[in-house]
Each structure stands twice: as structure tokens, then as C-alpha cells.
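Visitor: can't give you the sequence, but here's the structure:
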Ligand SMILES: C[S@@+](CC[C@H](N)C(=O)[O-])C[C@H]1O[C@@H](n2cnc3c(N)ncnc32)[C@H](O)[C@@H]1O
């Protein structure tokens, strides 16, 4: 995967997950049908859901899996063996593990990113040297905490979430992890927060954005985030 020096804009789609990685201005498009890294989700969904403790179905190079160890998440991977390997070897900090376990019993726990996805986000933040990040869709904070942990002390994450209750859990774990000072929680509709950032002159000042909220708004988020992230 080629890596541009700054802009990194990720959209997480519904289950199974695909992340759209926009690495340069020429890569991104306001027309989602032109965006790359978009496996046929309907195809994948048509591989029937498994209800057993573990059940894999394979079609071409895409795998649909459910595993109660990971909140019965549906995942896309190359092969079951490779995904098993990833899950067995992911480096999940203790504070993230605790947050994952607390969230597992909550309604909506399946919304949380998986440990390997969180570590992918952290790695990307780290390798592009991101200082200023935005997350749209915090829930109880698993992905935002992974991002905050990867940021340098001077780094900042604008964390957009409309649900106050889940934000309380997120804030508790930011505190436990000692990263509260890096996370600017915006309890509001994300579209309003993004527009306010632009109005306040913060366009062209972010290095990284991760979108993981209501899918019907993705095109609008995408357009606003293209103004907020630095294109050069
Ligand atoms: C898929 S979950 C996010 C999961 C999170 N990234 C994690 O790893 O735990 C989506 C979140 O987006 C929030 N959300 C949905 N629509 C929103 C909106 N318009 N503005 C702000 N937050 C929104 C929901 O309340 C929910 O907590």
C-alpha cells in the first residue's frame, strides 16, 4: 500500500467491514461508486450467517465468520487461518482489553471495532506521524482510545459522538489510559461538529480521519473531511 505523507481518511462500512483508505486527493472522489477498497458487501452478506460458536464460509478470497470470543463480529479476511493468526497475535493494550470487556455486555457492542482493526488504526496514525485526528462515531471509545494512545503527547483527536451515555464510558477509559488531554470530545451531531471546525478556520489542518457512524451520512462526512484534512 503506497503511503502519502499526510492525508489519511478512513471510512468504516457496515458489517462485514471494509475500510476505504484515501491516500491522496486524486484517490478520493465524491462519488462513492468510484472509491476503491470496496468489496461487494452484498455478495459477502449473502454468505449465510453462522450461529455456531465458530463457523466460517469461504467464497473466493473473502471470509465471513462469527466468533463469540470477539463479540460475534462478522469479518472479512483472506483465509480463516490468517484471521485466526491475527486474532491470536494482536497486541491489545490492557486498557483496551478492559474497555472491550466492559462494552461486550452492552447493547450495541457489535459496533465496536475489533482489536486488529484498532491496532491497524493505531499503526496508521503512528506511521504517518499524525498530530491532528478526527473520529466520527466514538461509541464507548475503543477505536478513539487506540488512536489517542498512538498519538504523540502533543497530538489531538476530535472525537465526535451524539450519545452521551456511551461517551461517559469513553471518557472513563481515556482517563484510565492517561490520554484525556489528547481527546477533545464533541458531544453533538457529527455534521455540526465538522461544520463548526470548518467555520472556526480549521480546514486543511488535520492529518487523519476515521469515520465509523451512520452510513447514510458518509458522503456528507467525506466532503467535509476533505476540507478538514491536509491534502499536501
Ligand atoms: C459503529 S459505532 C462506533 C464504534 C466505535 N468506533 C468503536 O470502536 O467503539 C457508531 C457510533 O456513531 C454514533 N453516531 C451515529 N450517528 C451519529 C451522528 N450523526 N453524530 C455523532 N455520532 C453519531 C452512534 O451513537 C454510535 O455510537
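Guide: Cool, got the structure. If you're wondering where the values come from, they're calculated on a predicted model, not measured in any experiment.

Visitor: contacting residues around the nearest residue to residue 154 once chain neighbours are set aside?
Guide: Excluding the flanking residues, the one nearest residue 154 by CB to CB, 6 or more residues apart in numbering is residue 131, at 6.5 Å. Every residue, glycine included, has its C-beta placed from N, CA and C. Residues in contact with residue 131 (CB atoms under 8 Å, 6 or more residues apart in numbering) are 151, 152, 154, 155, 156, 207.

Visitor: and the fifth one, what are its bridge partners?
Guide: Residue 156 has the following beta-bridge partners by DSSP bridges: residue 132.

Visitor: that one against residue 180, yeah?
Guide: No. Here residue 156 does not reach residue 180: they are 11.7 Å apart, not a contact under CB atoms under 8 Å.

Visitor: more neighbours, these two?
Guide: Using other CB atoms under 10 Å as the criterion, residue 156 and residue 180 rank with residue 156 on top: 18 against 15.

Visitor: so who does that one touch?
Guide: Residue 156 sits next to 131, 132, 133, 182, 183, 184 when contact means CB under 8 Å, 6+ apart.

Visitor: let's go with 10 Å and repeat that
Guide: Residue 156 is in contact with 130, 131, 132, 133, 134, 148, 181, 182, 183, 184, 206, counting by CB atoms under 10 Å, 6 or more residues apart in numbering.

Visitor: how close does the fifth one sit to residue 173?
Guide: I take that to be residue 134. Distance, residue 134 to residue 173, using CB to CB, to the nearest Å: 19 Å.

Visitor: looking at the two, which is more packed in?
Guide: Neighbour count, other CB under 10 Å: between residue 134 and residue 173, residue 134 has more, with 29 against 22.

Visitor: before we move on, the earlier item: give me the common contacts of residue 156 and residue 180.
Guide: Jointly contacting residue 156 and residue 180 under the rule CB under 10 Å, 6+ apart are residue 148.
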